[in-house]
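**Q** any chance you could fold what I've pasted below:
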Amino acid sequence: MKFNLRALLSLDFVEVNKAQTSPIQYDNLYLVCHDNKPKDDIKAGHTLPRLGVVDISSGIYDPILLPDTDPLMKSKDLESVTWLHGNEYLACESSGKCFHVRLIHRANGYATETLRTLQLPVPKDRFFNIESVGIKRTKGDVLNNVICYDHRGGINPGEEPWSRCAPFDIETGEIGSFKETSPSDPFAIANKLNRAISDRTIGEKTGQSYFVATIDTEGSEGIPATQDNAYSFIYTVDQCIKYVDGDKIEALYVTPDEQQAIITTDNDRPNSEKICLFSLRNPNAEPICHHTIPYGIGGIAPIKKLLIPKS
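**A** Alright, predicted model coming up:
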């Protein structure tokens with residue numbers, strides 16, 4: 001995406017010095033994370049992006065290039081990204097290791113700065129793979145929120161999905177005592193969905209959780225592929241909202257009014273990735289999709305504020 005930086009920087013901001021930044025609002029921009037691993041870097045011959053920015057209105061994608069010294073460059077498999085506040089986000093690996101980052105737009109493109117890393121409380125005695133992280137917010141209170149995260153599940157005994165929720169201080173990254181629940185296998189298709197929870201987003205209006213369930217046609221972490229053709233469900237605890245045939249959906253975002261949703265794929269096939277906008281009120285209506293994303297997307301979060309260095 002190309003910005004006219006001269007025009008942007010001429011806007012009427014509060015006067016700040018050169019080291020400070022000024023906020024800009026963009027309604028169609030989303031931060032996404034990629035499940036690019038060190039082994040993928042070796043195969044490509046260079047370090048692949050861990051994060052990127054997508055314009056949902058055009059499908060234009062911009063990778064976020066990071067310095068080698070940034071801890072995020074060593075991430076093994078980012079599976080989720082969640083908006084915290086302002087221009088700050090939480091990007092998490094399947095191990096539960098998370099990176100608290102700040103998003104900035106510089107003259108040469110987008111950048112992030114890692115503010116801290118933190119570890120979600122995870123089991124030490126059983127298999128898990130954290131695919132989703134969501135924040136349930138207390139209105140008007142940055143500190144008193146609840147973080148919810150999910151093990152995706154598997155098809156073998158002992159790999160059943162679970163969810164944990166705990167008090168979360170966004171400013172310090174402190175996580176309180178968690179409560180674990182075990183959701184039932186969605187839609188009674190046990191042993192066919194090896195990712196019963198591939199993502200979760202929490203509606204800002206109602207606080208309701210929306211989930212994605214999908215299957216892995218490739219197989220991973222010792223879990224065999226369940227079938228040759230991918231499919232996915234978007235659902236709540238009460239209903240199946242949408243069935244998607246042929247795509248492995250791994251990222252979901254619901255707009256603040258909970259009228260629309262954005263889904264993205266991680267199909268593990270060249271030229272197969274897409275990002276789609278569809279109506280929650282009429283989920284069978286034709287979605288608006290863009291096929292311009294070069295990498296699979298594991299998580300998506302809205303850009304509610306951009307910081308642009310003042311010149």
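
**Q** shaky segments in the chain?
**A** 1-26, 139-143, 184-194, 216-228, 307-311 (pLDDT under 70).

**Q** what ranges do the helices span in it?
**A** 5-9, 38-44 (DSSP state H).

**Q** mind listing what Val122 touches?
**A** By C-beta atoms under 8 Å, 6 or more residues apart in numbering, Val122 lies in contact with Ser95, Gly96, Phe128, Ile130. Where you see a C-beta, it was placed from the backbone N, CA and C, and this is true even at glycine.

**Q** inside strands: which ones of these?
**A** Ile130 (DSSP state E).

**Q** I'd like to know which of the contacts of Val122 is nearest to Cys240.
**A** Ile130 (23.5 Å; C-beta to C-beta).

**Q** hmm, the closest one is touching Asp150, no?
**A** Yes. Under the criterion of C-beta atoms under 8 Å, Ile130 makes contact with Asp150 at 6.9 Å.

**Q** in terms of neighbours, single out the busier of these two.
**A** The residue with more neighbours, out of Ile130 and Asp150, is Asp150; 27 against 22, by other C-beta atoms under 10 Å.

**Q** apart from its neighbours in sequence, what residue is nearest that one?
**A** Counting by C-beta to C-beta, 6 or more residues apart in numbering, Asp150 lies nearest to Ile197, which is 4.2 Å off, once chain neighbours are set aside.

**Q** Lys248 too?
**A** Ala230 (4.3 Å).

**Q** phi, psi for the one you found please.
**A** Note on Ala230: its backbone torsions stand at phi -80, psi 150 [degrees, to the nearest 10].

**Q** give me the number of neighbouring residues for it.
**A** Neighbours around Ala230, by other C-beta under 10 Å: 24.

**Q** OK, contacts around it?
**A** Ala230 neighbours (C-beta under 8 Å, 6+ apart): Thr214, Ile215, Thr217, Gly246, Asp247, Lys248, Asn267.
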